[in-house]
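# I'd like to go over a predicted model; first the sequence, then the structure.
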Amino acid sequence: MTEPVTLTFLGGLGRIGRNCAALETHGRVVLLDCGQMFPEELPGVDAILPDFSWIFERSDKIEGCIITHAHEDHIGGLPHLLKEINIPIYGSKFTLGMLQAKLEYVGIRGIETIELKDYDRRQIGPFECEFLPVTHSTPSGLMTVFDTPQGKIVHSSDFKLDPTPVDGRVTDLIRLREISENQGIRLLLADSTNAGSSGKTASESEIGPVLEEIFTNHQNRRITVAAFSSHIHRIQQIADIAKKTNRNLVILGPSMQRNVTLARELGLLKISDHMIASPEDIKSLEPEETCIVCTGSQGEPRAALALLARNEHRHFDIGEDDTVIFSSHPIPGNEAAVSKLQNNLALLGARLVHSGQVQVHTSGHGKKVELMELHETVDPELFIPVHGEYTHLVDHYELAVNRGMDEDKIVLCTDGDQILLTDYGLEKVERVSGREIMIDEQGSPVSEELLQERQNLSGEGFVLIRVVIDKETGVLLEEPLVESRGWVDLSQREEWANEISQTVANAVEVLLAEGERDPHQISRRTRRATGQLVSERTGRRPTLIPIVEMR
Ligand SMILES: [Zn+2]
Ligand SMILES: [Zn+2]
């Protein structure tokens, strides 16, 4: 029997976001990505992380973490993990630069980072790893080929097969085919995001000409382009068009400024100094000589574009002379926020261009044709679809079956699954926690119970009832005080308060007459009397807060 390899999936399988997996052999563990997920409409929740308890329980065995690229769903969890354990981080120069900025922001120092170049081979813990270039919507993404006692394991990272990427750096299927033909690939783990979409993803370099035509058609207007701040190749194309059409480029928003600075320092983004204007200059520039690139294309409430839409930006106001291009698709879940943002910008007089009208965006994830090409190239013995909503994983499973793989060679996993790779193949062995850990802006955990309370408060409001009793005589010292918020219309608040006060007084007096003096029992009776009245008469279930004072 050859030494088995264990794969543990802590996030990213079932819902997109918080990618995190662990590969283990001979009792030593290497982590692969550590991302976060952005929550939809959860009050007071800033991010969702993988449950790190499995990692903490074996922190002395963790050899390091490979980060495949700079997207939040791959690196956003690291500041939280690295607060607790110090492990070396492996990634490309750009990815490490993006991580460093995040670590500095939260004051984490002393983390060892090891830079990976395309085609580097490195021993990381028990695995010899080879890193191959992949094209994606952020630069310098890396595919990893793990050499393990159970053969080669390939992790695709987020990728597309773009024959004409802006930086000329293509996903290297040639090297992959060589490995496959010479040594064979035992197991493939591959990106499933677009496994449900037929055809091929459009090349990034097709977007430039579309944007340029918009610039031409809107030539006397100020143009603002909203894009992802990590999408350096999109920003490059926007900068090139701005230069060609004699516009100054203004970079708006802290993350946009940070990422542009880093990418320029690393030579990944080429913009000459003289064409960059500062946000303070916008007011003095003519509309036709201005191109603004900014964040907020997903409707993020604190981003530059949202401030502009609310007329709250300190540098300029959007008006009749403005054209705003949304160079992105709304991520599922963000549609409503994006449409509200677009409405507000249009109300201010701006003309809008978005991906529903013309192709101002393309995905960074390969569709069916590209995934099939990857499978053909790798020709793995075994396959686990990763990175996707559960339906995407199923689509990817079916794609592999259609290619001719046996169903028993493919395992559909979800967060928390632990898989053993042995001489006999893949086997689900265990469930570890796949729990989604919610945290607030300060990084403190938000429990399910706390979230439930907040959701109930936001939907139903609360009613507070204070009862004051003379502990000697057992008499109510005053009429119960009732305060409520978010429960009934303001005009009815007082009327309801009086009614509740009366009902509670009656109920408590009966109890007191029976000789009851225990504040807990009186509190329970107060709650029940209020609850009955409220739910019978209004059909609502506000949070009830009884307070009993014995004087
Ligand atoms: Zn990505
Ligand atoms: Zn991703």
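Sure, I can see it. Ligands and ions are numbered 1, 2, ... in the order given.
# Going by C-alpha atoms from here, please, whenever you check contacts or count neighbours.
Fine.
# for the stretch 1-150 of the chain, what spans make up the strands?
5-11, 13-14, 20-25, 28-32, 47-49, 62-66, 89-91, 113-115, 121-124, 127-134, 141-148 (DSSP state E, counting those that start in this stretch).
# Can you spell out which helices and strands pack onto the second one?
Helices and strands touching strand 13-14, as assessed by 3 or more Cα pairs under 8 Å, 6 or more residues apart in numbering; DSSP states H and E, comprise strand 388-389, helix 390-403.
# any chance of those in JSON lines, with distance to A195, mean pLDDT and mean neighbour count too?
Written out in JSON lines, the entries for the helices and strands packed on strand 13-14 read as follows (distance: least, Cα to Cα, whole Å; pLDDT from 0 to 100; neighbours: other Cα atoms under 10 Å):
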{"stretch": "strand 388-389", "distance to A195": "9", "mean pLDDT": "96", "mean neighbour count": "22"}
{"stretch": "helix 390-403", "distance to A195": "5", "mean pLDDT": "98", "mean neighbour count": "20"}
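# Figure out which of these is closest to V225.
Minimum separation from V225 across the helices and strands packed on strand 13-14 (Cα to Cα) falls at strand 388-389, 28.3 Å.
# Note down every partner strand of the closest one and its orientation.
Each strand that pairs with strand 388-389, with its direction, by DSSP bridges: strand 13-14 (parallel).
# any idea of the mean pLDDT in the partner strand?
Across strand 13-14, the average pLDDT comes to 96.
# before we move on, what about stretch 52-62?
For stretch 52-62, mean pLDDT rounds to 97.
# I would like the residues contacting that stretch, please.
Stretch 52-62 is touched from outside by L10, G27, R28, V29, V30, L31, L81, I85, I87, V432, S433, with contacts defined as Cα atoms under 8 Å, 6 or more residues apart in numbering.
# Helix, strand, or coil at the residue lying farthest from the centre of the chain?
Centroid-distance maximum for the chain: T473 at 59.8 Å, with Cα atoms, centre = their mean. What DSSP: H, G, I helix; E, B strand; the rest coil gives for T473 is coil.
# re the thing from before, which of the helices and strands packed on strand 13-14 sits closest to E373?
Going by Cα to Cα, the one of these nearest E373 is helix 390-403, 10.3 Å.
# The helix or strand following that closest one: partners in the sheet, and parallel or antiparallel?
Sequence order places strand 417-422 as the next helix or strand after helix 390-403, per DSSP states H and E. Sheet pairing of strand 417-422 (DSSP bridges) gives strand 5-11 (antiparallel), strand 425-431 (antiparallel).
# now those strands in a markdown table, with mean neighbour count and distance to Q219?
Compiled in a markdown table, these are given as follows (neighbours: other Cα atoms under 10 Å; distance: least, Cα to Cα, whole Å):
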| stretch | mean neighbour count | distance to Q219 |
| --- | --- | --- |
| strand 5-11 | 26 | 46 |
| strand 425-431 | 16 | 58 |
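# out of those, nearest to S458?
In terms of Cα to Cα, the element of the strands paired with strand 417-422 nearest to S458 is strand 5-11, at 29.1 Å.
# Please tell me I have it right and P287 contacts T224.
No: with contacts defined as Cα atoms under 8 Å, P287 does not count as touching T224, sitting 10.3 Å away.
# TSV for the helices and strands packed on strand 13-14, including distance to D172?
As requested, these are exported to TSV (distance: least, Cα to Cα, whole Å):
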stretch	distance to D172
strand 388-389	22
helix 390-403	20
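# could you pull out the strands for the stretch 401-550 of the chain?
Residue ranges of the strands in the stretch 401-550 of the chain, as given by DSSP E, counting those that start in this stretch, are 417-422, 425-431, 437-439, 445-446, 462-469, 481-485, 543-550.
# about what we covered before: I331: which of the helices and strands packed on strand 13-14 is closest?
Using Cα to Cα as the criterion, the shortest distance between I331 and those is 12.7 Å, found for strand 388-389.
# Setting the sequence-adjacent residues aside, check what's closest to G27.
Nearest residue to G27 in three dimensions, chain neighbours excluded: K61, at 6.9 Å (Cα to Cα, 6 or more residues apart in numbering).
# And for that neighbour, the neighbour number?
Applying other Cα atoms under 10 Å, we find 15 residues neighbouring K61.
# Could you report the distance from it to A22?
Counting by Cα to Cα, to the nearest Å, the gap from K61 to A22 is 11 Å.
# cool, S192 as well?
Using Cα to Cα, one obtains 18 Å as the distance from S192 to A22.
# neighbour count winner among the two?
Using other Cα under 10 Å, the more surrounded residue of S192 and A22 is S192, with 30 against 22.
# For A400, see how far away the more buried one is.
11 Å.
# next one: E115
When distance is defined by Cα to Cα, E115 is 34 Å away from A400.
# Name the spans of the chain whose pLDDT lies under the cut-off.
Scanning the chain with the threshold set as pLDDT under 70 gives no residue ranges.
# Now do the domain split for it, please.
Under automatic domain parsing, the residue ranges defining each domain of the chain are 5-200+363-445, 204-353, 449-550.
# For the first one, measure first residue to last.
Read it as domain 5-200+363-445. 32 Å.
# now the second one
From its first residue to its last, domain 204-353 covers 18 Å (Cα to Cα).
# now do the last one
Criterion Cα to Cα; first-to-last residue distance in domain 449-550 is 30 Å.
# from the middle of its chain, how far away would it be?
Once both centres are worked out by Cα atoms, centre = their mean, to the nearest Å, domain 449-550 turns out to sit 41 Å from its chain's centre.
# and if you look at stretch 199-208?
Between the mean C-alpha location of stretch 199-208 and the chain-wide mean there is a distance of 24 Å, by Cα atoms, centre = their mean.
# Tell me the buried residues within the contacts of stretch 52-62.
Applying a neighbour-count criterion of 16 or more other Cα atoms under 10 Å, the buried members of the contacts of stretch 52-62 are L10, R28, V29, V30, L31, L81, I87, V432, S433.
# Find the residue closest to the second one in space, skipping its chain neighbours.
Going back to what we said before, that points to R28. Nearest residue to R28, sequence neighbours excluded (Cα to Cα, 6+ apart): K61, at 5.1 Å.
# can you tell me how far that neighbour sits from Y90?
With Cα to Cα as the criterion, K61 and Y90 are 17 Å apart.
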